[in-house]
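J.: coordinates only, sequence not included:
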């Protein structure tokens, strides 16, 4: 997890000495103050996660008895639940857009702003301002910009006579939303990369320059590899953001009509009038499996490096 | 936070002979580009502010991209009074303040045990907390919803539902559980830089775990707590999902989730919505400008271990 290329040797602590015992009072304090967060984590995070997995093999509406149905839910989701595949596709497009467009753009801005230039503070502030906004607020701003009849985008494009319905047209609304989501993501990525770039040992760059590398070579061969910890973190953030995406589309139109996402389908199936808890859970498990792939990869990376 | 512990940079003579490294025209192009980007980035926000100051009839007739005839704060007054926003702001505070404080308290204690007391299974705990924070919320939403609606609370804790569902207790609990994961991760990394000898010295002096934590470690990690506190406040403030899932009484909603109330079923006055959105965004923007340093170091604390 440490930025690898940093001059000071990490302050290693002397090897553990297990002579220090806890007094009964210590144990009481630990029991209480470690106990509460652990209980909360188990009861509210991991317990429900496992329960989701269990419920996904059942049919339940929350009132009558729970009926085991084996893999029926999964079968139904894949074969006759029309919104499922569009939602998967939208989540994937979301992920690709953030990964291929927004993240590199954030890195690009970070590299530009990392140079010693004037007004850097102003540029940075402007670019990461959207990061502090809630996604729900961004959803409402989207309606303002993209409104078919009065929206600023149509006005700016001069399409007032033949307006484009940026939000209402299911073939383009995902992209309209993604532009704003990217707007926020770029700032976040830029911020993390700026911190990462500051931590890269400047002597690395100088060494590369002395060896005759040009700026692009220095960046791609020397600096970027040194940014590995940040790269991994940003990859995970990007993936998690894409899988968690919910607020924006929910604020815009409750995630219908071209804006379906897995998270929305889960929510629809549990809080809707016809609550299909088993079915919703099965979608949740699919989402869980996809996320776990990335979470596990990330944690392996982080904690393996920690050991080294 | 990395900078403080860093060794002074070795002063290598960088200006090599005769290389005028920075050519001015290139600089100008760079600035021109960055100005365009910065302005472009601000446009959506500025447009929202602009729209919120204009009456609906005017923007309906002329569009959002026109010169103003009448500018006023009417919509802000409207959102504030008719939309009942003061109450929602209070609701948000009732949720966010305890959540942030409890999260930081528990997370710092757990991080202390893992990092400076090296308790057994510390690594396992750390992984469990961190991974829990990375799960998509929707994965746990269903059972949580069911569980919450089966746990009774006395009427003075949860009115009118008398359940954990639709109560602040429940929303605070899930925020604490969720955010503790992130904070434990960050604070463990941070505390790894605190000299172990300090803790050992206090143990020799006969200090118990509580004293070691409260009097030795906590004062040293105050910058990290400040940064995380700022960030967590913004995150919990901005949260939309948990209240929507775990609450039903509209009057008790936090302000971000209540924004939807400004939209009526038949007709949406987008200018009013813009004013409401800006009012909602205002506290985070203020916090951001006042505590910018804390906010940024909070975000980057997790990425670059100090």
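T.: That came through, no problem. These figures come from a predicted structure and were not determined experimentally.

J.: Backbone dihedrals for residue A:82, both of them.
T.: The phi/psi pair for residue A:82 (degrees, to the nearest 10) reads phi -50, psi -40.

J.: ok, then the element right after the longest helix along chain B?
T.: Secondary structure of chain B per DSSP state H: the longest helix is helix B:85-115. On the C-terminal side of helix B:85-115, the closest following helix or strand by DSSP states H and E is helix B:122-134.

J.: can you list contacts of that following helix?
T.: By CB atoms under 8 Å, 6 or more residues apart in numbering or on different chains, the list of residues contacting helix B:122-134 from outside reads A:37-38, A:41, A:45-46, A:236, A:240, A:291, A:295-296, A:298-299, A:303, B:110, B:113-115, B:119, B:177-182, B:184-185, B:188. Just so you know, the C-beta spots here come from the backbone N, C-alpha and C atoms, and that holds for glycine as well.

J.: And for stretch B:205-212?
T.: Against stretch B:205-212 from outside (CB under 8 Å, 6+ apart): A:22-23, A:25-26, A:29-30, B:112, B:116-117, B:199, B:202-203, B:215-216.

J.: Which of the residues you listed are buried, as a ChimeraX select command?
T.: Buried members of the contacts of stretch B:205-212, identified by 16 or more other CB atoms under 10 Å in any protein chain shown, are gathered into one ChimeraX selection as follows:
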select /A:26,29,30 /B:112,116,117,199,202,203,216
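
J.: Residue ranges in chain A under the pLDDT threshold?
T.: For chain A, the stretches with pLDDT under 70 are A:1-20, A:272-274, A:305-308.

J.: the longest helix in it is where?
T.: Criterion DSSP H: the longest helix present in chain A is helix A:277-307.

J.: check whether that helix contacts chain B.
T.: Yes - shown here: helix A:277-307 in contact with chain B (CB under 8 Å from any CB of the partner chain) through A:277, A:280-281, A:284-285, A:287-288, A:291, A:295-296, A:298-299, A:303.

J.: Just the buried ones from these, in PyMOL syntax?
T.: In PyMOL, this line selects whichever of the residues of helix A:277-307 next to chain B come out buried by 16+ other CB under 10 Å:
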select buried, chain A and resi 277+280+281+284+285+287+288+291+295+298+299
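
J.: which element is residue 36 on?
T.: With no chain named, the answer covers chain A. Assessed by DSSP H and E, residue A:36 sits inside helix A:24-40.

J.: oops, I was thinking of chain B
T.: Using DSSP H and E, residue B:36 maps to helix B:24-52.

J.: Figure out how far that helix is from the centre of its chain.
T.: Mean-position distance between helix B:24-52 and its chain equals 25 Å (CA atoms, centre = their mean, to the nearest Å).

J.: Heading C-terminal from that helix, find the next helix or strand.
T.: Once the chain leaves helix B:24-52, the next helix or strand it forms, by DSSP H and E, is helix B:56-62.

J.: Now do the helix or strand that comes right after that next one, average pLDDT.
T.: Using DSSP H and E, the next helix or strand after helix B:56-62 towards the C-terminus is helix B:74-81. Helix B:74-81 comes out with an average pLDDT of 84.

J.: picking that back up, just the buried subset of the contacts of helix B:122-134, please.
T.: A:37-38, A:41, A:45-46, A:236, A:240, A:291, A:295, A:298-299, B:110, B:113-115, B:119, B:177-182, B:184-185, B:188.

J.: So, low pLDDT: which residues of chain B?
T.: Within chain B, the ranges that satisfy pLDDT under 70 run B:1-23, B:63, B:263-267, B:302-306.

J.: Domain parsing of it, as residue ranges.
T.: Following automatic domain parsing, one finds the domains of chain B at B:24-72, B:85-301.

J.: okay if I get those domains as CSV plus distance to residue A:117?
T.: Formatted as CSV, the domains of chain B follow (distance: least, CB to CB, whole Å):
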stretch, distance to residue A:117
domain B:24-72, 7
domain B:85-301, 18
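
J.: now, of these, which is deepest in the fold?
T.: Highest mean neighbour count among those (mean count of other CB atoms under 10 Å in any protein chain shown): domain B:85-301, with a mean of 20.

J.: neighbours around residue A:65, how many?
T.: 8 (other CB atoms under 10 Å in any protein chain shown).

J.: and the residue found closest to residue B:79 once you drop the neighbours it is linked to in the chain, what element?
T.: Distance criterion CB to CB, 6 or more residues apart in numbering or on different chains; nearest residue to residue B:79, sequence neighbours excluded, is residue B:276 at 4.2 Å. Using DSSP H and E, residue B:276 sits within helix B:270-290.

J.: now the angle between helix B:85-115 and that helix, please.
T.: Interaxial angle of helix B:270-290 relative to helix B:85-115 (axes from the mean of the first three to the mean of the last three CA atoms, to 10 degrees): 40 degrees.

J.: Tell me the helices and strands packed up against the longest helix of chain B.
T.: Packing partners of helix B:85-115 (3 or more CB pairs under 8 Å, 6 or more residues apart in numbering or on different chains; DSSP states H and E): helix A:24-40, helix B:122-134, helix B:168-191, helix B:222-238, helix B:255-258, helix B:270-290.

J.: Now render these as TSV, adding distance to residue B:39.
T.: Formatted as TSV, the helices and strands packed on helix B:85-115 follow (distance: least, CB to CB, whole Å):
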stretch	distance to residue B:39
helix A:24-40	45
helix B:122-134	35
helix B:168-191	33
helix B:222-238	24
helix B:255-258	27
helix B:270-290	18
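
J.: wait, which of those is closest to residue A:207?
T.: Judged by CB to CB, the one of the helices and strands packed on helix B:85-115 that comes nearest to residue A:207 is helix B:168-191, at 28.3 Å.

J.: Any part of the closest one near chain A?
T.: Yes - Helix B:168-191 is in contact with chain A by CB under 8 Å from any CB, via B:173, B:174, B:176, B:177, B:178, B:180, B:181, B:184, B:189.

J.: for the fifth one, what are its contacts?
T.: Looking back up the chat, that one is residue B:178. Taking CB under 8 Å, 6+ apart as the contact definition, residue B:178 lies against A:44, A:45, B:132, B:133, B:137.

J.: Can you give me the distance of it to residue A:253?
T.: Residue B:178 sits 27 Å away from residue A:253, taking CB to CB, to the nearest Å as the criterion.

J.: Spell out the residue ranges of the helices in the stretch 151-300 of chain A.
T.: Here the stretch 151-300 of chain A has its helices, by DSSP state H, counting those that start in this stretch, at A:152-157, A:173-199, A:202-210, A:215-217, A:224-226, A:228-244, A:247-253, A:262-271, A:277-307.

J.: quick check: angle from the second one to helix B:24-52?
T.: Translated: helix A:173-199. Counting by the same axes, to 10 degrees, helix A:173-199 lies at 130 degrees to helix B:24-52.

J.: Looking at the residues of helix A:277-307 next to chain B, spot the one nearest residue B:155.
T.: residue A:277 (27.6 Å).

J.: leaving aside the residues next to it on the chain, what's closest to the closest one?
T.: residue A:60 (4.6 Å).

J.: near chain B at all, stretch A:150-165?
T.: Yes - interface with chain B: stretch A:150-165 contributes A:150, A:151, A:152, A:154, A:155, A:156, A:160 (CB under 8 Å from any CB).

J.: burial count for the second one?
T.: Using other CB under 10 Å, residue A:151 is surrounded by 29 other residues.

J.: just checking, it touches residue B:51?
T.: No - in this structure, residue A:151 is not within contact of residue B:51 by CB atoms under 8 Å, at 10.0 Å.
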